[in-house]
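Enquirer: turn this into a model:
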Amino acid sequence: MRRVVYWLSLALIFTIAWEGLVRFPGLGTLAKLIGLVLAVCWAGTVIATGRFRRPDPFLLATFVFVVWNAVSVFWSATPKVSVLHVFTWVQSLGLVLILWDVFRTRTAIHAGLQAYVLGAYVAVGGAIANYFGSNPFYTNYDRFSPGATNPDGFGFIIALGLPVAWYLASAPGTARWRRVLRPANFLFIPAAFVGLALAGTRTAAVAAIVGMAFGLASLTRLRPIARIAILAVLVYAFFALLPVVQPLASFQRLGTTATEATEGDLNGRLEQWRQGLDSFRERPLLGVGANMYRTVNTLGKEAHNSFVSVLVELGLVGLVLFGVVLAIVVFHAFEQPRWDRNFWITVLLVWAIGASTLTWEHRKTTWVFLTLLVASAALATRPERAAVPARAGPVTPALARS
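Expert: Predicted structure coming up:
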């Protein structure tokens, strides 16, 4: 049964990157359905075996933060709306518990990261399909994304995939799946370039620079001839794709990044934040309640900043609790070996850039990466055993040879 849970977990991570692409009327996205099946199977396994991995402080801090979201329903102006949002948080907590319990080996964590990169490929493909189908998400600048996914969210899905692809392509290992997928991980770099050009997300382009910096540094782990060959292929791919994406209005939008940051209003975000902070001054300790940010600004929009969102909706108490969760994660990133530490810090930096312009504190992508980071740190502090017992989670023969 644990083997089924393991593969369902990989399937969920794979679909998260493009969950807006496939929806079933009355049922929700494919990712939601897979998540439901996964939760039932995992709960059944835990009940049947009576075994659950020893919790990390990260799990306790996340649980307390979710409880605070639930408690905020009592002072919410619209309790029904807040209750529905609390269900989303409960799902995020469930995802954290499942991934923590299932991903107990280095190979399993790498497989989870690989599933995300492959899913990001599908997301790019969905955006390309919408481009050729003349189906932009935003008609101004003709910005494209897969399915019903917002281009800003799509851009950061791609930006997060960049350091992951570099990390997996440069990671040691002789397993067949690694050898087969290593070229695919390197080729994700030009694919991400196309995805970012179609999304036209300026902050994601900045975050992608951070991921590329990590990637270029990772080339030092390869032999000189391999470095030269990879750089040559990537440079050729970049110049070959540039004439294709240059005419796109969405790509041209990226050229306004510096001007918007220094002279603009961040596409209306400054006013959204100002109104939210005005509301915070009125209710600084408890906030206005979960998912109530739309009610405190005249634009009726989300905060488009995870930290401002938490501060306004959950008050100083909520921000401190969220800060504790992130502090634990950062601590776990720094306690890992140098190569893994640099990778996870890069992922956190990319996420932080995205979270500064998106309301991502409750998104599945956020909690997948935070949990995998903590799971990776657990292996760094407790050496992985050569033989993985049945209770530690399934590892297929092909994946075990890494």
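
Enquirer: alpha carbons only for contacts and neighbour counts from here, please
Expert: OK.

Enquirer: least trustworthy helix or strand in the protein by mean pLDDT?
Expert: Counting by mean pLDDT, DSSP states H and E, the chain has its least confident helix or strand at helix 397-400, which shows a mean of 38.

Enquirer: Ala355 contacts Phe307, correct?
Expert: Yes - at 7.4 Å, Ala355 counts as touching Phe307 under the criterion of Cα atoms under 8 Å.

Enquirer: grab the nearest non-local neighbour of Met292.
Expert: Counting by Cα to Cα, 6 or more residues apart in numbering, Met292 lies nearest to Glu313, which is 6.2 Å off, once chain neighbours are set aside.

Enquirer: mind checking the SS state of Thr54?
Expert: Let me fix one detail, which is that residue 54 is Arg and not Thr. Three-state assignment for Arg54 (DSSP: H, G, I helix; E, B strand; the rest coil): coil.

Enquirer: how close does it get to Arg104?
Expert: In this view, Arg54 and Arg104 are 11 Å apart by Cα to Cα, to the nearest Å.

Enquirer: with neighbour numbers in mind, choose between those two.
Expert: Arg104 (23 against 9; other Cα atoms under 10 Å).

Enquirer: looking at the more buried one now. What's its pLDDT?
Expert: Per-residue confidence at Arg104 stands at 94 (pLDDT).

Enquirer: for it, phi and psi?
Expert: phi -110, psi 0 (degrees, to the nearest 10).

Enquirer: with Tyr138 instead?
Expert: phi -120, psi 130.

Enquirer: that one touches Thr149, doesn't it?
Expert: No - using Cα under 8 Å as the test, Tyr138 is too far from Thr149 to be in contact (11.1 Å).

Enquirer: those two: which is more packed in?
Expert: Using other Cα under 10 Å as the criterion, Tyr138 and Thr149 rank with Thr149 on top: 20 against 14.

Enquirer: buried residues, the helix or strand where Leu95 lies. List them.
Expert: Leu95 is part of helix 79-102 when elements are defined by DSSP states H and E. By neighbour count on 16 or more other Cα atoms under 10 Å, the buried set for helix 79-102 is 79, 82-83, 85-86, 88-102.

Enquirer: same thing with stretch 316-323?
Expert: Applying 16+ other Cα under 10 Å to stretch 316-323 flags 316-319, 321-322 as buried.

Enquirer: cool, and stretch 138-157?
Expert: For stretch 138-157, burial by neighbour count (16+ other Cα under 10 Å) applies to 141-147, 149-157.

Enquirer: just the residues you listed now: which is nearest Leu113?
Expert: Ile157 (12.6 Å; Cα to Cα).

Enquirer: now the residue nearest to that closest one when sequence neighbours are not counted: how far from Leu373?
Expert: Leaving out its chain neighbours, the residue that sits closest to Ile157 by Cα to Cα, 6+ apart is Ala17, at 6.3 Å. Per Cα to Cα, Ala17 is found 18 Å from Leu373.

Enquirer: between these two, who's got more neighbours?
Expert: The neighbour count for Ala17 versus Leu373, taken as other Cα under 10 Å, is higher for Ala17 (30 against 25).

Enquirer: distance check, the more buried one against Phe343.
Expert: Distance from Ala17 to Phe343, by Cα to Cα: 20 Å.

Enquirer: then Ala148?
Expert: The spacing between Ala148 and Phe343, counted by Cα to Cα, is 30 Å.

Enquirer: quick one: contacts for Val5?
Expert: Taking Cα atoms under 8 Å, 6 or more residues apart in numbering, we find Val5 in contact with 38, 41-42, 102.

Enquirer: with secondary structure and distance to Leu162 added, can I get these in TSV?
Expert: Shown next, in TSV, are the contacts of Val5 (DSSP: H, G, I helix; E, B strand; the rest coil; distance: Cα to Cα, whole Å):
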residue	secondary structure	distance to Leu162
Leu38	helix	27
Cys41	helix	32
Trp42	helix	30
Val102	helix	25
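
Enquirer: between those, which is nearest Val124?
Expert: Leu38 (25.6 Å).

Enquirer: would you enumerate the residues in contact with that closest one?
Expert: 5, 8-9.

Enquirer: same deal with Arg202?
Expert: Applying Cα under 8 Å, 6+ apart, we find Arg202 in contact with 253-254, 256-257.

Enquirer: if I look at it, how far off is Asp152?
Expert: 9 Å.

Enquirer: now Tyr6
Expert: Per Cα to Cα, Tyr6 is found 30 Å from Asp152.

Enquirer: now stretch 324-331: buried residues?
Expert: Buried, per 16+ other Cα under 10 Å, within stretch 324-331: 324-326, 328-330.
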